[in-house]
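Student: quick one: sequence plus predicted model below, questions after.
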Amino acid sequence: MALLTLQDACLAYGHVPLLDHTAMSLEAGERLGLIGRNGSGKSSLLKILAGLERPDDGLLQLQQGLRRHYVPQEPEFRAGVTVFEAVSDALAEVRELRRRYEAHAPGEDLDALQSRLEALDGWTWEQRVEQTLDRLGLRAEARVDDLSGGLRKRVALAQALAAAPDVLLLDEPTNHLDLEAILWLQELLKSFRGALVVITHDRAFLDAVATRIVELDRGILRSYPGSFSAYEAAKERELHAEALANARADKLLAQEEVWIRKGVEARRTRSVGRVARLQQLRAQRAARREVVGRATLEVDAGTRSGKIVAVLEGVSKSFGARTVVRDLSVTILRGDKVGLIGPNGAGKTTLLRLILGELAPDAGTVRRGTQVQVAYFDQMREALDPEATLADTISPGSEWVEIGGVRKHVMGYLGDFLFSPARANSPVRSLSGGERNRLLLARLFARPANVLVLDEPTNDLDIDTLELLEDLLQSYPGTVFLVSHDRRFLDAVVTSTLVAEGEGRWREYEGSVEDWLQQSQRAAALAQQQAAATSKAPASPAAAPAAEGGAAAAGAPAPRRKLSYKEQRELDELPGRIDALETEQKALAEAMAGSDLYTRTPERIAEVHARHARIEEELLELLERWEALSSR
């Protein structure tokens, strides 16, 4: 039996229905990913499922005694509370039941109270809160008011987990979380015993967590079993079939309209049934809700910058006792697309400002290239005046914008970003978070720039717009600096990553986020094996006779054995062998990601996948051998 069922639901704000006689259900243990365009009504639907709002029409049926917990995009807490108190607020019922049981008030049914407390595991609620805080890395005594957005989101998740609901409802839980925290949340939700409904635009997160995708599209909920990748394939087939069906219906309607308008002689013989069918076709065409258009993204790369965009040599930067950048040397060339990765507070924005020359280093030098034109996307959207109109935000004092040498009216340009002409004179404050991000992108791309700095551009953007932005940045000829925690977006765009590795140390990795994760995991595995080998090695003699005078050399290390000729030759050859394997691995990965392998040479699919897996093992063996020989 379903935990909850929504039947024939209707909801509208203004003339456009967000829910149009639609339905859905949620089974025990399901992890459901709820997706759809910005403004399609996902958050409103989630609040209906949480019991916080009611639909205009329809019915929500719940299993008896069902416990639900809702975590909004921006969680709110009582002023002045500690983390422990905030999380304990989610257990209000348990706390009240135990207070009543311990008070032994006259007329109280203690047996009923005890049964309810045992059902809710209420005798040890304090330990449950403490265990949850420890699991989420939160300090019980910290004041919630002093926490960052990411930590406040963790407190809200701690509330949900401590409450142990049957149904957990999450609205954009990955916003404000860094990559490490998103991976942590991903594993946490996969082990959650209850049912889950989550709204998110993070496709890698959806792929890892969801067991079913539900799309809210033009007022109707459509269900797709499996991961987000399975949904993408099914949705493409569905849209193609819908376009064909609409084209056939439009062709039939056009033919019938021609027939009904024929001369008097034809009208004398017209069929009453055919006239009725024409009326029905007209009604169906009027009622049809077309697929929402896609944004059109263009950017003017302006004049080409010099070949070198920036060179950092031995750069360090500190704020008080905290070092944000320590002895960093890196060269950024024209056309590089660099992803900056690190936990919240690691100093990604500070590093960007150092690279762009907006901040002077405490030590080292920063050289900027020539003819650099920078356009900056600010994650806090401070560049937007909430009282200005959309048109003035894009092109203040003019009705025209110029993109790549082509003039375009501001109304048409806003239309490219899915803003109707009727909204061009609306104030910025009337926009949702996703719409503000789209407007900021429109403003950013309306100016020529050969260096794009995008600080968290993916927050609140719907999946369609994310994919379009990916395509734009892939073909952009200039240089891109990208701060994002969306793994799939980073993987699609960046050619290298700058990763914060603690205590102000930054390291550059070639390739995407997936490449960095593989390299770092390989290095961690090597370090673990080395530590294990060291712990198993026999202890050196406590004392050894001295060469002269018989003095004891207590604890003297064993002398390093010199490499044989054969071993030295092997060591010299290892870097080339490792490079060759990594090149082959990259070529195979590109073949597996493309379509030629599957369409032209399908007989090689198994061979390519097997070889790709073997290379990883061979690389690990060579790296271990290189480490062993180098240490001698």
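Tutor: Done, it's in.
Student: hey, let's count contacts and neighbours off CA atoms from now on
Tutor: Fine.
Student: for the stretch 251-400 of the chain, what spans make up the strands?
Tutor: Counting by DSSP state E, counting those that start in this stretch, residue ranges of the strands within the stretch 251-400 of the chain are 308-319, 322-333, 337-341, 363-368, 374-377, 400-403.
Student: which helices and strands does the helix or strand Ser44 falls within pack with?
Tutor: In this structure, Ser44 is located in helix 42-50 according to DSSP states H and E. If contacts are counted by 3 or more C-alpha pairs under 8 Å, 6 or more residues apart in numbering; DSSP states H and E, helix 42-50 sits against strand 68-71, strand 167-171.
Student: and those strands, which is most packed in?
Tutor: Stretch with highest mean neighbour count among the helices and strands packed on helix 42-50: strand 167-171 (a mean of 24; mean count of other C-alpha atoms under 10 Å).
Student: direction included, what does that one pair up with?
Tutor: The sheet places strand 167-171 alongside strand 68-71 (parallel), strand 195-199 (parallel), with pairing taken from DSSP bridges.
Student: need these in a markdown table with mean pLDDT, can you?
Tutor: Conversion of the strands paired with strand 167-171 to a markdown table gives the following (pLDDT from 0 to 100):
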| stretch | mean pLDDT |
| --- | --- |
| strand 68-71 | 93 |
| strand 195-199 | 95 |
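Student: quick one: closest of those strands to Leu356.
Tutor: strand 195-199 (35.4 Å; C-alpha to C-alpha).
Student: any idea how far the closest residue to Gly39 other than its chain neighbours is from Ser40?
Tutor: For Gly39, the nearest residue in space outside its immediate sequence neighbours is Ser432; the separation is 7.8 Å by C-alpha to C-alpha, 6 or more residues apart in numbering. Using C-alpha to C-alpha, to the nearest Å, Ser432 is found at 12 Å from Ser40.
Student: quick one, which of the two is more surrounded?
Tutor: Residue environment comparison for Ser432 versus Ser40 gives the larger neighbour count to Ser40, 20 against 13, counting by other C-alpha atoms under 10 Å.
Student: wait, that one sits on Glu215?
Tutor: No: with contact defined as C-alpha atoms under 8 Å, Ser40 and Glu215 do not form a contacting pair (9.9 Å).
Student: and Gln61, what does it touch?
Tutor: 4-6 (C-alpha atoms under 8 Å, 6 or more residues apart in numbering).
Student: from the chain's centroid, how far away is the helix or strand containing it?
Tutor: Of the helices and strands defined by DSSP H and E, Gln61 is found in strand 57-62. Strand 57-62 sits 32 Å away from the centroid of its parent chain (C-alpha atoms, centre = their mean, to the nearest Å).
Student: try stretch 347-354
Tutor: Using C-alpha atoms, centre = their mean, the mean C-alpha position of stretch 347-354 is found 21 Å from that of the whole chain.
Student: now do stretch 83-90
Tutor: A distance of 28 Å separates the centroid of the chain from that of stretch 83-90, by C-alpha atoms, centre = their mean.
Student: swap in stretch 608-617?
Tutor: Relative to its chain's centre, stretch 608-617 lies at 28 Å (C-alpha atoms, centre = their mean).
Student: any buried residues in stretch 64-79, and which?
Tutor: Under the neighbour-count criterion of 16 or more other C-alpha atoms under 10 Å, stretch 64-79 has 67-73, 77 buried.
Student: go on, stretch 173-180?
Tutor: Of all the residues in stretch 173-180, those buried under the rule 16+ other C-alpha under 10 Å are 173-179.
Student: quick check: Ala156 vs Val483, distance?
Tutor: 25 Å.
Student: now Ile403
Tutor: Here the criterion is C-alpha to C-alpha. By it, Ile403 lies 25 Å from Val483.
Student: more neighbours: which of these two?
Tutor: Neighbour tally, Ile403 and Val483, criterion other C-alpha under 10 Å: the higher count belongs to Val483, 24 against 18.
Student: list phi and psi for the more buried one.
Tutor: phi -110, psi 120 (degrees, to the nearest 10).
Student: Asn344 is in contact with that one, correct?
Tutor: No: in terms of C-alpha under 8 Å, Val483 does not count as a neighbour of Asn344; the distance is 11.0 Å.
Student: so what sits against both of the two?
Tutor: With C-alpha under 8 Å, 6+ apart as the test, Val483 and Asn344 reach no residue in common.
Student: check contacts around the nearest residue to Gly347 once chain neighbours are set aside.
Tutor: For Gly347, the nearest residue in space outside its immediate sequence neighbours is Val324; the separation is 5.6 Å by C-alpha to C-alpha, 6+ apart. Shown in contact with Val324 (C-alpha under 8 Å, 6+ apart): 316-318, 346-347, 350, 503-505.
Student: what would those residues look like in TSV with pLDDT, neighbour count and distance to Leu619?
Tutor: Conversion of the contacts of Val324 to TSV gives the following (pLDDT from 0 to 100; neighbours: other C-alpha atoms under 10 Å; distance: C-alpha to C-alpha, whole Å):
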residue	pLDDT	neighbour count	distance to Leu619
Ser316	94	23	34
Lys317	93	23	36
Ser318	93	15	38
Ala346	85	21	31
Gly347	88	19	33
Thr350	90	17	36
Glu503	89	12	29
Gly504	91	18	30
Arg505	93	16	26
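Student: between those, which sits nearest Leu91?
Tutor: If you rank those by distance to Leu91 using C-alpha to C-alpha, Ala346 comes first, at 34.1 Å.
Student: give me the pLDDT for Ala79.
Tutor: For Ala79, the pLDDT comes out at 90.
Student: you'd agree it is up against Arg143?
Tutor: No: applying C-alpha under 8 Å as the test, Ala79 and Arg143 come out as separate, 9.2 Å apart.
Student: strands along the stretch 1-150 of the chain, start to end?
Tutor: Listed from the start of the chain, the stretch 1-150 of the chain has strands (DSSP E, counting those that start in this stretch) covering 4-13, 16-26, 31-35, 57-62, 68-71.
Student: of the ones you listed, which stretch is the most buried?
Tutor: The highest mean neighbour count among the strands of the stretch 1-150 of the chain belongs to strand 31-35 (a mean of 26), with neighbours defined as mean count of other C-alpha under 10 Å.
Student: partner strands of it, parallel or antiparallel?
Tutor: Next to strand 31-35 in the sheet, as set by DSSP bridges, lie strand 195-199 (parallel), strand 212-217 (parallel).
Student: and the angle from the shortest one to helix 42-50?
Tutor: Translated: strand 195-199. Interaxial angle of strand 195-199 relative to helix 42-50 (axes from the mean of the first three to the mean of the last three C-alpha atoms, to 10 degrees): 160 degrees.
Student: now the helix or strand just after strand 195-199: mean pLDDT?
Tutor: Stepping forward along the backbone from strand 195-199, the first helix or strand reached (DSSP H and E) is helix 203-209. Within the predicted structure, the mean pLDDT of helix 203-209 is 91.
Student: list the buried ones in helix 203-209?
Tutor: Of the residues in helix 203-209, those with enough neighbours to count as buried (16+ other C-alpha under 10 Å) are 203-207, 209.
Student: what of stretch 585-595?
Tutor: Of the residues in stretch 585-595, those buried under the neighbour-count criterion (16+ other C-alpha under 10 Å) are 585, 588, 591-592.
Student: mind checking which of these land in strands?
Tutor: Assigned to strands by DSSP state E, none of those qualify.
Student: what's the closest of the residues you listed to Leu571?
Tutor: When these are compared against Leu571 (criterion: C-alpha to C-alpha), the nearest one is Gln585, at 21.5 Å.
Student: look up phi and psi at the residue lying closest to the closest one once chain neighbours are set aside.
Tutor: By the measure of C-alpha to C-alpha, 6+ apart, the closest residue to Gln585 outside its immediate chain neighbours is His612, 6.0 Å from it. Summarising the backbone geometry of His612 under the convention degrees, to the nearest 10, its torsions are phi -60, psi -40.
Student: ok, His612 - contacts?
Tutor: Contacts were defined as C-alpha under 8 Å, 6+ apart; by that measure His612 touches 585, 588-589.
Student: and for Ala140?
Tutor: With contact set as C-alpha under 8 Å, 6+ apart, Ala140 has these partners: 82-84, 130, 133.
Student: thanks a lot, see you next time.
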